[in-house]
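Q: Fold the stuff below for me.
(4 chains)
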Number of protein chains: 4
Amino acid sequence: MFNTLGNLLSLTTFGESHGVAYGGIINNFPAGLTVDFDKIQYELDRRKPGQSAIVTQRKESDTVKFLSGIFEGKTTGTPIGFIIENENQKSKDYDHIADSYRPSHADFTYDQKFGIRDYRGGGKSSARETINWVVAGALAKQLLSGIEINAYVSSVGDIFCEKPYQDLDFSKTESNAVRCPDAETAEKMIERIKEIKKEGNTIGGTVTCVIKNVPVGIGEPIFSKLQAELGKAMLNINACKGFEYGSGFCGAKMTGKEHNDAFNTDFTTQSNLSGGIQGGISNGMDIYFRAAFKPVATILRPQESVDRYGNPVIVEGKGRHDPCVVPRAVPVVESLAAFVLADLFLINKTRNINNF
Amino acid sequence: MFNTLGNLLSLTTFGESHGVAYGGIINNFPAGLTVDFDKIQYELDRRKPGQSAIVTQRKESDTVKFLSGIFEGKTTGTPIGFIIENENQKSKDYDHIADSYRPSHADFTYDQKFGIRDYRGGGKSSARETINWVVAGALAKQLLSGIEINAYVSSVGDIFCEKPYQDLDFSKTESNAVRCPDAETAEKMIERIKEIKKEGNTIGGTVTCVIKNVPVGIGEPIFSKLQAELGKAMLNINACKGFEYGSGFCGAKMTGKEHNDAFNTDFTTQSNLSGGIQGGISNGMDIYFRAAFKPVATILRPQESVDRYGNPVIVEGKGRHDPCVVPRAVPVVESLAAFVLADLFLINKTRNINNF
Amino acid sequence: MFNTLGNLLSLTTFGESHGVAYGGIINNFPAGLTVDFDKIQYELDRRKPGQSAIVTQRKESDTVKFLSGIFEGKTTGTPIGFIIENENQKSKDYDHIADSYRPSHADFTYDQKFGIRDYRGGGKSSARETINWVVAGALAKQLLSGIEINAYVSSVGDIFCEKPYQDLDFSKTESNAVRCPDAETAEKMIERIKEIKKEGNTIGGTVTCVIKNVPVGIGEPIFSKLQAELGKAMLNINACKGFEYGSGFCGAKMTGKEHNDAFNTDFTTQSNLSGGIQGGISNGMDIYFRAAFKPVATILRPQESVDRYGNPVIVEGKGRHDPCVVPRAVPVVESLAAFVLADLFLINKTRNINNF
Amino acid sequence: MFNTLGNLLSLTTFGESHGVAYGGIINNFPAGLTVDFDKIQYELDRRKPGQSAIVTQRKESDTVKFLSGIFEGKTTGTPIGFIIENENQKSKDYDHIADSYRPSHADFTYDQKFGIRDYRGGGKSSARETINWVVAGALAKQLLSGIEINAYVSSVGDIFCEKPYQDLDFSKTESNAVRCPDAETAEKMIERIKEIKKEGNTIGGTVTCVIKNVPVGIGEPIFSKLQAELGKAMLNINACKGFEYGSGFCGAKMTGKEHNDAFNTDFTTQSNLSGGIQGGISNGMDIYFRAAFKPVATILRPQESVDRYGNPVIVEGKGRHDPCVVPRAVPVVESLAAFVLADLFLINKTRNINNF
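A: Here you go, the predicted structure:
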């Protein structure tokens, strides 16, 4: 179904930046999981604004309230409804843009498509929607016990984390504001973001995600290949402009002889340019992918634009915005990856008569 | 629904490389379209093997037979069933790999997931599946009258078509074997593929797709953003390792000031780093994206591998295989893009009460 | 998608009888409808307990709170989230059945399927879930301007409203407690329910629904016939045991000569045993159907039963329960009918190229 | 997805009465089932026309050809494509109705909805579509090993099989032309159909279906209750006007005291008015339901009608038609029941963390 995440395990969401609340319904979550609520709040806190000097200074408590589907601490198999109430909205910050179309925002396209839009804080097009995904992903992570999902910032502007992921210690990801596990690179990234912020500008970056311990067999052969479902989820994140897995765009420059992953006799492979997926199905090796994020469109400088009548206007970002979105995208990427995996994991339970 | 392409307009397919036939059902195609069957065959011929010296020399007639849903040359609104019969199969070419797992193929993962696989010619994992998509896409193209969808080969190995798409003449795409509209680059690419082929090796590449004249408003706000649906479709193509649209991965290196697309007073934009999509919805500018393809895994040289029992074996590609998949991927990319657009185009008919 | 109502226009819901709140998300509701909130509350009030002497005496305010998707009184085309907070729960009334399986309730099946259940007030299996459907249906009704949907109680036990629907004045439906527009029959029904209530017993009944002014063409030919979608929706109502439309089970006794609906030259038909639907598609005549409801399983008398360990126990309904569910089912039936129609109505916008 | 049967296990179909072929794709059928092709042909033969004096005398071989998804006699988990070629079409029999609208057929509604229709033999609205369902159902039956699904004709016109199903020997169902396991009643039914046929008339009837050995837990709690999915499937059968399960419409006349099914200490129930389903979920008791079928609309007598321009015309059924559809509906009802069960059975594999 369109406008829903997942196929069997599904997430439907609602909410606008300056509406009453965000929230969602997780449908078909299996019964019997003992929910660790602290872990959910931990993920929400990772995504939360105001955590450091290099992200937006908005203060939001971002507390989720579960309304159903959990009884005496356990999932019951019935729909899990949840809300996150909005607070600290400064709707008046947006009155000046009610009729203006900000460059590279969704103002114009929403207005044209729907004939109406909630313009406050971007309304439905606000990235605050991702808060719903983090709730669902945090639950999905608990379902996938034993599977490790680690995302990190692999570039900010032209500063890249050059080390291969195998050489990184993911326990360090949370130890700095930019969420790059390599301390030296992290420092440079933070420096760069601070400069950009000072200019009232913004900057793009990439997030890499590594998933370990996925069993063989996850993913569907034709139109729901594992990489396709992961890619679709990532490309739904606001500002995401690209997705690659395994060798990715670099693989397009290689020859077959270089690119093929030779098998070991235990069915692991000597290289892993396939990125843990062959024919759309996990092969037991590490899954890794990278998502590209454009710079945030709201810059704190005057820009020439137009209003809905085609008149020239000057728009200028006010309020509190992220100079670089990737540090806060890290938990969002992990959450979507977890949800997609859990969905395909459940589907896989039904694909072989030997499970019966 | 998983294992189906599209949400409202949908394609379900079947077929294995050496089975009886490929085919599919296009559901919910609108009634009343006068079908141009020659155009469908034209697209199938573009995808067909054996067209030039740089693609596989298999000979297949690849003729589609419509079984329902079209009456007196017009679509009736009821399911369109079609088949493409297989022929010229050399199944015996594959007996030697019945128990072997070829590197970077789906042999191992299919066997593990399903406990059984049709090993002949890759069975279900064969890229011959894309023939179904071309049929569906050729019909979708006819629905999207006025919309121009042009894909072309933008790189082979490290040979890139450096010209921006705006400087290319798409009427030249079919004038050379590699499907790059820039004659000079095309020549280099062909040369490179010939060398690679001589070595029994293969090489990767990228396909760029440009879509013009899409009306404003196509795409859904949250989980079915236009780029997400396009990306998902492309990532389902065999060998596709990455997808980017608009500024893509390059955009991740830029600042907001550089990246923002300023509006003109007619609501076109001065630059188009957004790639024709804002907030997941088309904005009327050109949509463009790029897909990366790894080198074909079947190389005509001996490779060390394992069989299903973990014993070391030597596998060697026999038969007729593509040294480079991207020229034949061009019509496949266009077909999927057309189908995704048509689906979202139909959905958009239902999203505003003013249409009623 | 399973556990969701509707195909294109969709409703996903959550909530348990004694949980925090009920609620739902209406996805893909068209933009631009000016919402009449009073009409929504009116429908909720019709469904509400405590309205008369013959329904449950629970007092609930049953007020819906919209959380998103409506801006300045108009739908925005984005997901409509809503909640109805629970109140006045007497959870302790249910402690005694935590381990008991009440006859003809869902206690046993939920426990077996999920290994856990919220036993308070029936938890997820409570008919309070229908409150969500009334919210969604009240919105759908507003979308279907000009279409009249009137349900009424057509039988209670063996007391039947013998008049054909054409002879009834639907403006009288709300004028009595049992919601039968024929005053004389209504009185008998009310009398019967009062007797039954006095005995601590319950009684079944049927609801008939008549839909006027549906345009020709609504419904899909094969697996989403209009009657199939209506029937599925009704059979999801708690206690519903049967569905028939047009001539229904009586039609199975007739001959073709008797049953065929002869056409007039304006394409109306002289009889309407088809019930306004031919080949799964509306033909412009009145649509009418009937749903059967079993007696409520909770009776205020001791019954022999078993607990989860198979031990014999005595269960006795306490609390406040409906002696007869059909009067309160009337707005539920209308709501589901409206939602199903609106969904198929939107789908129909996409089925003919002439709409483009 | 609309126009598809099933949620996880799904069937998409195509075909028109006088088109090239019928066929379908069964998606997500589990891998590893050894297919008994004779059993599939057996079910097709049961549905086939020309089996006896009381059904249509058309001769069709009705042989299914599997095109994919089965390898060396076993399902591979990939899509199962199949076709049944049409033959023995007498399309010219229908030229006279190209512009006429037959009473109580779908001619008018298809024309209005789609603006075009294949009028030959009813085109898409022909009940020959059910042949696809029998193929899928015959495969689903093999998946449900141990579960017994037995349908039979329970009434023809006003001749009812008065015995409760418990007193019938289902091994006798196939021993007479009308498929009623009670020989005496069968004889009366056959007599009645012969009379009706002689008059060029048709007659309705009902089919009862009994399903034994369904494990506890099949069915989903809210919008995919087991009875709702069964009812939807049955109401999609051409001519089906009603569905009831368990006590059905009779249950609506009863009191709670009479209707409640008391538990035994082994969790079976003493009565089974619930029809094997409580709260939408199977409880391990026999599931039974009844479907009503109107008389076939094609009668071999002149009828007044109109053409597409509103002119009065006389239509008269020619060709070979069923005087009573219920004997041939028996395998169709069983097939749909099997498919719906298999779908919900697979879904149930994913609903409890203890299965993991």
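Q: Leaving out sequence neighbours, find the closest residue to residue A:15.
A: residue A:22 (3.1 Å; Cβ to Cβ, 6 or more residues apart in numbering or on different chains). Placement of C-beta: from N, CA and C, glycine included.
Q: Over to residue A:104?
A: Here the nearest residue to residue A:104 in space, its sequence neighbours aside, is residue A:297; by Cβ to Cβ, 6+ apart that works out to 3.9 Å.
Q: Would you mind confirming that the one you found makes contact with residue A:103?
A: Yes. Applying Cβ atoms under 8 Å, one finds residue A:297 in contact with residue A:103, separated by 6.6 Å.
Q: what touches both of these two?
A: Between them, residue A:297 and residue A:103 share these contacting residues under Cβ atoms under 8 Å, 6 or more residues apart in numbering or on different chains: residue B:260.
Q: quick one on the thing from earlier: tell me the confidence at the residue nearest to residue A:104?
A: Looking at residue A:297, its pLDDT stands at 94.
Q: if I pick it, what's in contact with it?
A: A:102, A:103, A:104, A:105, A:202, A:239, B:256, B:259, B:260.
Q: before we move on, what SS does the second one have?
A: It refers to residue A:103. Following DSSP: H, G, I helix; E, B strand; the rest coil, residue A:103 is assigned to coil.
Q: quick one: pLDDT of it?
A: 95.
Q: Give me the neighbour count for it.
A: Number of residues near residue A:103 (other Cβ atoms under 10 Å in any protein chain shown) recorded here: 25.
Q: Could you check how many residues crowd around the residue in the stretch 151-300 of chain A positioned nearest to chain B?
A: Going by Cβ to the nearest Cβ, chain B is nearest to residue A:279 of the stretch 151-300 of chain A, at 2.4 Å. By other Cβ under 10 Å, the residues close to residue A:279 number 26.
Q: From chain D, how far out is the residue nearest to it when sequence neighbours are not counted?
A: Counting by Cβ to Cβ, 6+ apart, residue A:279 lies nearest to residue B:106, which is 2.4 Å off, once chain neighbours are set aside. Distance, residue B:106 to chain D, using Cβ to the nearest Cβ, to the nearest Å: 11 Å.
Q: Contacts only, for residue B:106.
A: With Cβ under 8 Å, 6+ apart, residue B:106 has these contacts: A:221, A:278, A:279, A:280, A:281, B:122, B:125.
Q: can you tell me how far it sits from residue B:125?
A: 4 Å (Cβ to Cβ, to the nearest Å).
Q: Spit out the residues that contact these two alike.
A: Both residue B:106 and residue B:125 are in contact with A:221, A:279, where contact means Cβ under 8 Å, 6+ apart.
Q: Next, give phi and psi for the residue nearest to residue A:279.
A: Phi and psi for residue B:106, reported as degrees, to the nearest 10, are phi -90, psi 10.
Q: Residue of the stretch 51-200 of chain A nearest chain B, please.
A: Counting by Cβ to the nearest Cβ, the stretch 51-200 of chain A gets nearest to chain B through residue A:106 (2.3 Å).
Q: what pLDDT does that residue get?
A: Value for residue A:106, per-residue pLDDT: 96.
Q: And the helices in the stretch 101-250 of chain A, which stretches?
A: Listed in chain order, the helices of the stretch 101-250 of chain A (DSSP state H, counting those that start in this stretch) span A:107-114, A:130-143, A:183-198, A:226-235, A:248-251.
Q: The first one vs chain C: in contact?
A: Yes. Helix A:107-114 lies within reach of chain C by Cβ under 8 Å from any Cβ of the partner chain, at A:113, A:114.
Q: For that helix, name the packing helices and strands.
A: Taking 3 or more Cβ pairs under 8 Å, 6 or more residues apart in numbering or on different chains; DSSP states H and E as contact, the helices and strands that helix A:107-114 lies on are strand A:100-101, strand B:281-282.
Q: Pick the most buried one from these.
A: Stretch with highest mean neighbour count among these: strand B:281-282 (a mean of 26; mean count of other Cβ atoms under 10 Å in any protein chain shown).
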